[in-house]
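K.L.:
generate coordinates for the sequence data below:
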Amino acid sequence: MALSMDDRIAITDLINEHGHLTDRGDYDGLASLFTQDVLYDVSAFGGGVLAGLAAIREAALALGDANPVAHHVTNIVLRETADGIVHAQSKGLGIMADGSAGSVTYEDTVERTPAGWRITHRVVHPRRKPLRS
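P.N.:
Numbers count the residues shown, from 1 in each chain. A predicted model of the protein is given here:
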């Protein structure tokens with residue numbers, strides 16, 4: 001089944017909304033983006049795999065002022081598999097309080113649930129070195 005335009009918009013909005021919720025500290029709102037049992041993999045940052053919304057909230061609160069003050073997402077690409085699961089890839093920019101910035105790639109698994117599209121698995125890959133030929 002091909003993704004409809006409405007599905008594509010809903011999934012793109014889902015991914016875009018993450019930064020808005022996170023930046024205002026609305027961790028309860030993350031339930032509108034992720035499943036309760038989401039696996040959020042920040043191993044590349046030393047944080048391991050966070051299992052569930054409560055673990056995401058706890059990790060963000062533990063970081064405190066070390067969290068970015070702004071999350072921006074761009075370059076969203078959606079690919080549907082034969083079983084209706086969507087793999088989304090996007091680029092993220094994090095702006096820190098001191099003005100420094102970092103770049104990541106988000107790899108999301110998105111599934112249709114009774115509550116609508118939700119991210120079931122996210123892997124965050126930092127981009128720390130420029131491309132070398």
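K.L.:
tell me where the model's unsure across this structure.
P.N.:
Filtered on pLDDT under 70, the chain yields the residue ranges 1, 133.
K.L.:
in it, where's the longest helix?
P.N.:
In the chain, taking DSSP state H as the definition, the longest helix is helix 5-23.
K.L.:
next, the buried residues of the next helix or strand after it.
P.N.:
Per DSSP states H and E, helix 5-23 leads on to strand 34-41 as the next helix or strand towards the C-terminus. For strand 34-41, a neighbour-count test (16 or more other C-beta atoms under 10 Å) marks 34-35, 38-41 as buried. Every residue, glycine included, has its C-beta placed from N, CA and C.
K.L.:
farthest-separated two in these?
P.N.:
The distance between the two most remote of the buried residues of strand 34-41 (C-beta to C-beta) is 14.4 Å, for Thr35 and Asp41.
K.L.:
the strands in the protein, which residues?
P.N.:
34-41, 49-51, 70-80, 86-95, 101-113, 116-127 (DSSP state E).
K.L.:
and the fourth one, what does it pack onto?
P.N.:
In other words, strand 86-95. Applying 3 or more C-beta pairs under 8 Å, 6 or more residues apart in numbering; DSSP states H and E, one finds that strand 86-95 contacts helix 5-23, strand 70-80, strand 101-113, strand 116-127.
K.L.:
same question for the second one.
P.N.:
Applying 3+ C-beta pairs under 8 Å, 6+ apart, we find strand 49-51 packed against strand 34-41.
K.L.:
re earlier: now the strands of the chain in JSON lines, with distance to Ile15?
P.N.:
Formatted as JSON lines, the strands of the chain follow (distance: least, C-beta to C-beta, whole Å):
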{"stretch": "strand 34-41", "distance to Ile15": "11"}
{"stretch": "strand 49-51", "distance to Ile15": "18"}
{"stretch": "strand 70-80", "distance to Ile15": "6"}
{"stretch": "strand 86-95", "distance to Ile15": "6"}
{"stretch": "strand 101-113", "distance to Ile15": "7"}
{"stretch": "strand 116-127", "distance to Ile15": "8"}
